[in-house]
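A.B. asks: Structure for the following, please:
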Amino acid sequence: MMKPRISLFAEQEREDRRAKLGDPLVGLAEHVDFEALAARIDVAAPRPSRAKGGRPPYPTALMIKILVLQQPYNLADDALEYQLLDRRSFLRFLDLTESSSILDAKTIWLFRDRLAQRRAARSGQHQSRRLCRPRLPQHRTGDPVEAGRLARAHPAARPCDQRHFRHAEAT
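C.D. replies: As a prediction, the model looks like this:
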């Protein structure tokens, strides 16, 4: 039985080998602008007020990267917390290799909940707008003459496909 070779540079040798094989997370970080995505999320789902104090929140871009990590590896929040402590590739992707502060499962859950609350509020707004719209008369689909009459009588009810209107007005 062959005994494993001991090397003072084992970590560097493993790192070089990983670099040759290619890290899919590096490619993801190169192709996705997480900062721009974070700015849009902060506008759509603002952070809670820190008036009561508390620890400063983690950057939104970091939180998005964590949610992205969860999907392909199918990790629960607790499992992801462990993997963040254990896997160097995850830490490199998140730029946390030198950090002593690693996110816990509750922080990940709270961020996901913040996004879900915003999505639920937005869905409620869309439903209330739909319920408050005036009822427009229904028209038969595929009938260009009927569609043209409806378009002239009710401009707000025009379908997206304008070809029917030109055809109806031309005849």
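
A.B. asks: and this structure, what are its domains?
C.D. replies: Domain assignment for the chain by automatic domain parsing gives 22-46+57-130, 142-171.

A.B. asks: mean pLDDT lowest for which of these?
C.D. replies: Per-stretch mean pLDDT for the domains of the chain is lowest at domain 142-171 (a mean of 48).

A.B. asks: Which of the three states applies to Gly53?
C.D. replies: Three-state assignment for Gly53 (DSSP: H, G, I helix; E, B strand; the rest coil): coil.

A.B. asks: Report how many residues lie close to it.
C.D. replies: Under the neighbour criterion other CB atoms under 10 Å, Gly53 is assigned a count of 5. Just so you know, the C-beta spots here come from the backbone N, C-alpha and C atoms, and that holds for glycine as well.

A.B. asks: Please apply the same query to Asp42.
C.D. replies: 13.

A.B. asks: do Gln12 as well
C.D. replies: Neighbourhood size, Gln12 [other CB under 10 Å]: 10.

A.B. asks: Can I get the helix or strand that contains it in CSV, CA atoms only?
C.D. replies: Taking DSSP states H and E as the definition, one finds Gln12 inside helix 10-21. Presented in CSV, the C-alpha positions along helix 10-21 are these (Å, rounded to 0.1, in the frame of the first residue of the first chain):
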residue,chain,number,x,y,z
ALA,A,10,0.2,20.5,-0.4
GLU,A,11,-2.3,23.4,-0.1
GLN,A,12,-0.7,25.3,-3.0
GLU,A,13,-0.5,22.1,-5.1
ARG,A,14,-4.2,21.4,-4.6
GLU,A,15,-5.0,25.0,-5.4
ASP,A,16,-3.0,24.8,-8.7
ARG,A,17,-4.7,21.5,-9.6
ARG,A,18,-8.2,23.1,-8.9
ALA,A,19,-7.2,26.1,-11.1
LYS,A,20,-6.3,23.7,-14.0
LEU,A,21,-9.6,21.8,-13.7
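
A.B. asks: after that helix comes which helix or strand?
C.D. replies: The helix or strand immediately downstream of helix 10-21 is helix 24-31, counting by DSSP H and E.

A.B. asks: re earlier: tell me what angle the helix holding Gln12 forms with helix 24-31.
C.D. replies: 60 degrees (axes from the mean of the first three to the mean of the last three CA atoms, to 10 degrees).

A.B. asks: And the contacts of helix 10-21?
C.D. replies: Contacts with helix 10-21, where a contact means CB atoms under 8 Å, 6 or more residues apart in numbering, come from Ser7, Ser89.
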